[in-house]
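1. Fold the following and give me the result.
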Amino acid sequence: MITKKVNRYYCEFCKKANCSASSISNHEKSCTLNPNRVCRVCKMDRGEWEKGEWKQPKISKLLAVLPDPVLFKTTNDQGDSTYHSGLTLAVNVALPELRKLTSNCPACIMSALRQKGIPVPMATDFDFSSEMKSIWAEINFTNDINENPW
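-> Modelled structure (predicted):
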């Protein structure tokens with residue numbers, strides 16, 4: 001029998017694990033739970049540079065728009081916590097303003113939801129996967145046009 005001891009590295013914010021320190025270090029920089037994250041979607045999609053850093057919305061402004069999930073938390077007789085359906089309504093009402101502040105960046109929206117403690121499925125008017133597919137389709141289309149103008 002062979003026994004190996006390996007190092008395991010964890011993200012400080014979301015507890016994602018990997019055996020590669022550099023992989024986790026790269027993940028931490030843009031982790032949606034990191035309050036000082038660098039949004040790779042904003043960087044890739046817009047590429048706007050301002051005063052030595054990538055232009056992206058301040059997380060404090062995004063969090064201020066969202067409702068406090070604690071106000072919508074209920075506990076049943078067994079002690080299980082759930083969220084009242086009013087949270088979904090409150091989040092969906094705040095979503096247009098959140099989209100405006102983030103320039104409709106799905107990663108920034110998800111980051112704001114997660115950092116506020118709102119389960120992402122509670123935002124029924126937000127679908128991270130389909131919104132990212134749309135961004136990728138637009139980027140790929142633009143790249144195809146630029147590479148093959150005929």
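
2. ok, now which ones touch Val41?
-> By Cβ atoms under 8 Å, 6 or more residues apart in numbering, the residues touching Val41 are Cys105, Pro106, Ala107, Cys108, Met132, Ile135. Any C-beta I mention is one placed from the backbone N, CA and C, and that applies to glycine too.

3. Please name the nearest non-neighbouring residue to the fifth one.
-> Spelled out, that is Met132. If the residues on either side of it in the chain are set aside, Met132 comes closest to Pro106, at 5.4 Å by Cβ to Cβ, 6 or more residues apart in numbering.

4. Same check on Leu33?
-> Nearest residue to Leu33, sequence neighbours excluded (Cβ to Cβ, 6+ apart): Phe13, at 3.8 Å.

5. Kindly report the same for Leu87.
-> Leaving aside its chain neighbours, Leu87 sits nearest to Phe72 (3.7 Å; criterion: Cβ to Cβ, 6+ apart).

6. a markdown table for the contacts of Val41, including distance to Asp80 and secondary structure?
-> Formatted as a markdown table, the entries for these read as follows, by distance: Cβ to Cβ, whole Å; DSSP: H, G, I helix; E, B strand; the rest coil:
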| residue | distance to Asp80 | secondary structure |
| --- | --- | --- |
| Cys105 | 34 | coil |
| Pro106 | 30 | helix |
| Ala107 | 31 | helix |
| Cys108 | 31 | helix |
| Met132 | 32 | helix |
| Ile135 | 37 | helix |
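
7. Dump those residues to TSV, plus pLDDT.
-> Shown next, in TSV, are these (pLDDT from 0 to 100):
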residue	pLDDT
Cys105	91
Pro106	93
Ala107	93
Cys108	94
Met132	93
Ile135	87
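
8. out of those, which are buried?
-> When those are checked for burial by 16 or more other Cβ atoms under 10 Å, the buried set is Cys105, Pro106, Ala107, Cys108, Ile135.

9. domains of this protein?
-> Taking automatic domain parsing as the criterion, the chain consists of the domains 7-37, 39-147.

10. Out of those, the one nearest Met1 is which?
-> Between Met1 and those, the shortest gap by Cβ to Cβ is with domain 7-37, which sits at 20.5 Å.
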